[in-house]
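Trainee: here you go, sequence then predicted model.
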Amino acid sequence: MNLEQEITPYIQQAFSELYQHSLELQEIKLQPTRKDFEGTYTFVTFPYSRISRKSPDQTATEIGEFLKEKSALISDFNVVKGFLNMVIAEEAWLRVFADLARDSHWGQQPANGKKVVVEYSSPNTNKPLHLGHLRNNFLGFSVSEILKANGYTVAMVNLVNDRGIHICKSMLAYQKWGNGETPESAGMKGDHLIGKYYVIFDKEYKKQIEALAEEGMDKEKAKAEAPLIKEAQQMLQQWEAGDEETVALWQKMNEWVYAGFDETYRKIGVRFDKMYKESNTYLLGKDIVEEGLQKGVFFKKEDGSVWADLSAEGLDEKLVLRGDGTSVYITQDMGTADLKYQDFGMDKSIVVVGNEQDYHFKVLFSLLSKLDRPYAKGNYHLSYGMVDLPSGKMKSREGTVVDADDLVQEMQNTAKEYTQELGKLEDIESQEAEVLYNIIGMGALKYYLLKVDPKKRMLFNPQESVDFQGHTGPFIQYTFARISSLLRRADQLEIPYQDVDYSAIKELQASEREVIFQLSQWPDKLRLAGEEYAPSVVAQYVYDLAKEYNRFYTDVSVFNAEDELRRNFRIALSSAVARTIRMGMGLLGIEVPERM
RNA sequence: GGUCUCAUAGCUCAACUGGAUAGAGCAACUGCCUUCUAAGCAGUAGGUUUCAGGUUCGAGUCCUGAUGGGAUCACCA
């Protein structure tokens, strides 16, 4: 129970006693008081002056007086132009703090018995991961953790696109120009090696198109007629027919890629409970088409192709099975959705996929709901915006991508340089220091990508974007490290600060009160982040908390406090902040260091 | 062209879902380390929230239109 919930019943009572009007608790909304005014919570009375039949100012004053008299929570109030600003009593603050300090799972919800499947990452096996994948991976992982903290049981799954024409392109190029190269012989990660041949294919393919165009062929036709693309298509058919040699090559190259992905996943700290591969799922869904036909959800055209008519919902007609009886993308996706339900029996199913597929998922979810799937209502497309570079959009075929492995390495290097420049960590073993550089570098990168609202597209400037000062991951990590240092000293001095009754403190410093207020906001923020699938809410909160704590830290002295009780209180307050920072950052997939 | 989406300080992002004088960080400038970590803190400057209307006590937020970005509209995935 937070303060807001404790105050609103009194306001309800005020309306009933002063104006003989009954208000629903839910319609009483409080908001934080603006910094320029005294108080913590504000009640806006404009909408109620019709009920009170008095001016907003007068209404606010009357309610304020009522609260001050009837509720021990409110020690004072002021009214500015219809805004009722309430001042919370010091005892209430201390009680709020005592409650949250005692609760080691502060803000977390108990298990609610509901299951969620979060699908994210979902790479293609023809090229290494890039910056866009990083946003996807960090989002998927963080949302999963946030949902766990909100009481859900979460399964993280990865649906790997390991088949199709694009894979054949890499395979073909490797077959032609690879000379038996392996990741070992090339000294490259497997995913990078395969990516190299994907680029080679594209280059050679373009050459062929140019050549054909020079001979006078139409460009569009040349794209379809170039020998390389024909060969790739043929290879795909061979693969689908189970041709031994093709499958063996496919398997070998995919294994290289998986090894490369595993290494990247480990470095960026994400993991999965289950891997799905499209090579196993691409034939699924045909039985659902049959079922849909029988239920009258789908219809057949003369050429035998099967369609769904979604025009009633403002969507178009959508093909779900080709005339020759083969699948399209959405057929497979329906099948995979069912497969997930078989595997997990989930209440919610979340897919983390870029917003260029908004239309696709609108259609898919609509189909699943027409097909009466039990999980249909829980489907959610966590649609995130693209990551742009200053030069514009990233294009993998044109080599303008920011490679994930390179970026991670670069972040660590920068963290190292910056740390040494500041002259920190000089007394620390080099191996331990490397671990710290990784924590700080990854913290900067993850925080940078997660602090932005997932729905919005964002800009990444490799030169200047990822900073270590201000509104950044390292700023928050630094705050944690400072507190850790305080707590080490407290432990050394054997100061008891936990489970102590601080209610004898009569008056709080403004900065102490502000820190308690920030802490008290955590459960609401965590719940909101879960409801909106938005790690940015957690990121923003943790920053606000750290900022407020730093203010407190420079404002007062912990170990030179006026008396022991106050000193111990400040240690306990610091400890609670550290714990909340660690929890919040943990939900973002970011580690926090004991020193830095 | 149809549909969807975005536009806030020089730059990158917030704004508790309709509330007060729109906030942070970076960049610029000024202070603060003989006291717990200066990756910090305090301050100055920076805004007609793209534009034009509308809805109401009140609009960055809702509605209409315009302008400008982006996405999507395949028997591709």
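Mentor: In hand now; what should we look at?
Trainee: only C-alpha atoms from now on, for both contacts and neighbour counts.
Mentor: Fine.
Trainee: okay, now residue A:577: neighbour count?
Mentor: Neighbour count for residue A:577, taken as other Cα atoms under 10 Å: 25.
Trainee: what sits against it?
Mentor: Neighbouring residues of residue A:577 by Cα atoms under 8 Å, 6 or more residues apart in numbering: A:519, A:545-546, A:549.
Trainee: again with residue A:351
Mentor: Contact analysis of residue A:351 by Cα under 8 Å, 6+ apart lists A:118-120, A:380-382.
Trainee: what about those, which are in helices?
Mentor: If you go by DSSP state H, the contacts of residue A:351 have nothing in helices.
Trainee: does anything pack onto the helix or strand harbouring residue A:191? Which helices or strands?
Mentor: Assigned by DSSP states H and E, residue A:191 belongs to helix A:190-214. Contacts defined by 3 or more Cα pairs under 8 Å, 6 or more residues apart in numbering; DSSP states H and E place helix A:190-214 against helix A:165-177, helix A:183-186, helix A:219-225, helix A:227-240, helix A:244-268.
Trainee: of all those, which one is nearest residue A:25?
Mentor: Across these, residue A:25 has its closest neighbour in helix A:244-268 (44.7 Å, Cα to Cα).
Trainee: in that closest one, what counts as buried?
Mentor: Within helix A:244-268, the residues that qualify as buried are A:246-247, A:249-250, A:253-254, A:256-258, A:260-261, A:264-265, A:268, counting by 16 or more other Cα atoms under 10 Å.
Trainee: do the same with stretch A:19-28
Mentor: residue A:28.
Trainee: ends of it, how far apart?
Mentor: 15 Å (Cα to Cα, to the nearest Å).
Trainee: hmm, it in reach of RNA strand B?
Mentor: No. Counting by Cα under 7 Å from any atom of the strand, RNA strand B is not contacted by stretch A:19-28; separation bottoms out at 10.2 Å.
Trainee: so what touches that stretch?
Mentor: With contacts defined as Cα under 8 Å, 6+ apart, stretch A:19-28 is touched by A:8-9, A:11-12, A:15-16, A:51-52.
Trainee: how deep is the residue in the stretch 251-400 of chain A positioned nearest to RNA strand B tucked in, by neighbour count?
Mentor: Per Cα to the nearest atom of the strand, residue A:356 is where the stretch 251-400 of chain A lies closest to RNA strand B, at 3.2 Å. For residue A:356, the neighbour count with other Cα under 10 Å is 12.
Trainee: where does it land in three-state SS?
Mentor: Look at residue A:356: counting by DSSP: H, G, I helix; E, B strand; the rest coil, its state is helix.
Trainee: just the pLDDT for it.
Mentor: On pLDDT, residue A:356 comes in at 92.
Trainee: next up, the contacts around the residue nearest the centre of chain A.
Mentor: For chain A, the residue sitting closest to the mean C-alpha position, by Cα atoms, centre = their mean, is residue A:139 at 2.8 Å. Residue A:139 makes contacts with A:352, A:450, A:454, A:535, as judged by Cα under 8 Å, 6+ apart.
Trainee: turn those into TSV, columns for distance to residue A:215 and secondary structure.
Mentor: Putting the contacts of residue A:139 into TSV (distance: Cα to Cα, whole Å; DSSP: H, G, I helix; E, B strand; the rest coil) gives the following:
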residue	distance to residue A:215	secondary structure
A:352	45	strand
A:450	51	helix
A:454	48	coil
A:535	55	helix
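Trainee: and those, which two are the farthest apart?
Mentor: With Cα to Cα as the measure, no two of the contacts of residue A:139 lie farther apart than A:352 and A:450, at 13.7 Å.
Trainee: just to revisit the earlier point, now the contacts of stretch A:19-28: which count as buried?
Mentor: With neighbours counted by 16+ other Cα under 10 Å, the contacts of stretch A:19-28 contain buried members at A:8, A:11-12, A:15, A:52.
Trainee: before we move on, which element is residue A:529 in?
Mentor: Assigned by DSSP H and E, residue A:529 falls within helix A:510-532.
Trainee: so which elements touch the one helix or strand in chain A whose mean pLDDT sits lowest?
Mentor: Every helix and strand in chain A was compared by mean pLDDT, DSSP states H and E; the lowest is helix A:219-225, with a mean of 85. For helix A:219-225, the contact count by 3+ Cα pairs under 8 Å, 6+ apart identifies helix A:190-214 as packing neighbours.
Trainee: how about residue A:447, what does it touch?
Mentor: Contacts of residue A:447 by Cα under 8 Å, 6+ apart are A:472-473, A:539, A:588, A:590.
Trainee: quick one, grab the pLDDT at it.
Mentor: So residue A:447 comes in at 97 (pLDDT).
Trainee: next SSE downstream of the host helix or strand of it?
Mentor: Element membership of residue A:447, judged by DSSP H and E, is helix A:430-450. Using DSSP H and E, the helix or strand that directly follows helix A:430-450 along the chain is strand A:458-459.
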